[in-house]
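Asks: Sequence first, then the predicted structure:
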Amino acid sequence: MLKMIATGAAVIAWSLPVWASPTNDLLDALGVPQIVTIMREEGIEYGETLAGDMVPGGSSAGWTATVNRIYDEERMLATVQDVFAAEFGDADPATLLEFFTSETGQQIVSLELSARTAMREDEIEDAARAAFNDLDGTASEPLAAIAEFVDTNDLVEANLVGALNANYMFYLGLVDGGALRMSESEILTEVWSSEEETRADTREWVFAFLLMAYRPLADGVVEDYTELSRTDAGRALNRALFAGFNKMYDDISYALGMAVAREMQVQEL
């Protein structure tokens with residue numbers, strides 16, 4: 001239901017103010033605040049689509065206000081920061097900060113942000129997917145480098161699990177909001193019935209995004225990035241990013257389910 005990628009609830013154990021956190025320095029270098037801004041914009045658009053599909057009478061001023069409250073940018077970023085810090089734990093961010101604040105690291109971040117923004121346009125996303133499908137199954141060297149990066153970071157599986165969990169939370173919101181009567185096992189069955197389709201779509205999107213984003217990089221950069229991802233710090237980064245973004249999406253999905261349920265009940269009255 002919700003698109004995720006991290007390249008993406010515990011209490012922070014820092015004694016410093018959150019703005020002084022070294023993990024927040026790392027998130028800033030990764031462009032996470034800008035990613036959250038883009039995700040909020042995607043979410044507002046998705047809210048309108050959701051209204052057309054599930055809200056009786058479609059979108060309204062009240063619904064739009066609700067969606068804007070759910071996609072509160074400050075809360076979204078704070079969730080990612082808090083969970084990231086807790087999950088990253090005692091890992092050393094020094095090597096990661098050195099890489100992502102370098103000219104090459106900042107080029108990677110800039111390209112990812114540009115590609116994510118561009119792929120909000122259906123025509124560009126379709127073209128990116130088509131470009132990947134043309135390469136899929138070939139001996140393309142750029143594709144092989146991207147595939148190694150994807151496998152090292154488990155991007156397809158991690159994004160799949162995140163998407164399915166978000167869908168589960170959406171159904172749970174509908175149930176808790178009184179719009180549906182389903183048991184936990186029934187929700188799980190419904191969510192997992194889309195696993196194969198969601199996996200295929202996730203794989204296509206991840207590869208299309210990365211091929212588009214990393215095309216301008218010099219030879220060997222993707223391979224170097226992959227090697228960084230294999231280090232202890234790189235694995236901690238990947239794990240913490242997914243934990244943070246997954247928690248953010250879970251909260252949003254549950255709130256959306258509750259909001260849809262309320263709209264359904266209002267219409268029934």
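Replies: Sure, I can see it. Please read these numbers as outputs of a predicted model, since none were measured by experiment. Numbers count the residues shown, from 1 in each chain.

Asks: Quick check: phi and psi on Asp72?
Replies: phi -80, psi 120 (degrees, to the nearest 10).

Asks: can you check the one 4 residues further on too?
Replies: For Met76, the backbone dihedrals (degrees, to the nearest 10) come out as phi -60, psi -50.

Asks: how many other residues sit next to Asn68?
Replies: Residues near Asn68, counting by other Cβ atoms under 10 Å, number 14. For every residue, glycine as well, the C-beta is placed using N, CA and C.

Asks: Okay, it and Ala255: tell me how far apart.
Replies: According to Cβ to Cβ, to the nearest Å, Asn68 and Ala255 sit 12 Å apart.

Asks: same deal with Thr189?
Replies: From Thr189 to Ala255 the distance is 23 Å (Cβ to Cβ).

Asks: Find me the pLDDT at Trp19, would you?
Replies: At Trp19, the model reports a pLDDT of 41.

Asks: How about Ala9?
Replies: Reported pLDDT for Ala9: 28.

Asks: In terms of neighbours, single out the busier of Thr189 and Ala255.
Replies: The neighbour comparison of Thr189 against Ala255 (other Cβ under 10 Å) goes to Ala255, with 20 against 11.

Asks: Which residue is the nearest non-sequential neighbour of the more buried one?
Replies: Ile70 (4.6 Å; Cβ to Cβ, 6 or more residues apart in numbering).

Asks: wait, what's in contact with that neighbour?
Replies: Gly43, Gly47, Ile252, Ala255, Leu256, Ala259 (Cβ atoms under 8 Å, 6 or more residues apart in numbering).

Asks: mind running it again at 10 Å?
Replies: By Cβ atoms under 10 Å, 6 or more residues apart in numbering, the contact set of Ile70 is 40, 43-44, 47, 76, 251-256, 258-259.

Asks: which of these sit farthest apart?
Replies: Arg40 and Met258 (18.7 Å; Cβ to Cβ).

Asks: which residues of the stretch 101-250 of the chain score low on pLDDT?
Replies: For the stretch 101-250 of the chain, no stretch has pLDDT under 70.

Asks: Just the buried residues of the contacts of Ile70.
Replies: Arg40, Gly43, Gly47, Met76, Asp251, Ile252, Ser253, Tyr254, Ala255, Leu256, Met258, Ala259 (16 or more other Cβ atoms under 10 Å).

Asks: what separates Val175 from Glu190, distance-wise?
Replies: From Val175 to Glu190 the distance is 11 Å (Cβ to Cβ).

Asks: overlap in contacts of those two?
Replies: Counting by Cβ under 10 Å, 6+ apart, the residues touching both Val175 and Glu190 are Met182.

Asks: and these two? which has more neighbours close in?
Replies: In terms of neighbours (other Cβ under 10 Å), Val175 is the more surrounded of Val175 and Glu190; the figures are 19 against 14.

Asks: how close does that one get to Asn238?
Replies: Relative to Asn238, and taking Cβ to Cβ, Val175 is found at 32 Å.

Asks: again with Phe84
Replies: From Phe84 to Asn238 the distance is 11 Å (Cβ to Cβ).

Asks: more neighbours, these two?
Replies: Phe84 (28 against 19).

Asks: who's in contact with the nearest residue to that one once chain neighbours are set aside?
Replies: Among residues not flanking Phe84 along the chain, Gly244 sits closest, at 4.0 Å (Cβ to Cβ, 6+ apart). By Cβ under 10 Å, 6+ apart, the contact set of Gly244 is 6, 8-9, 23, 27, 32, 36, 77, 79-88.
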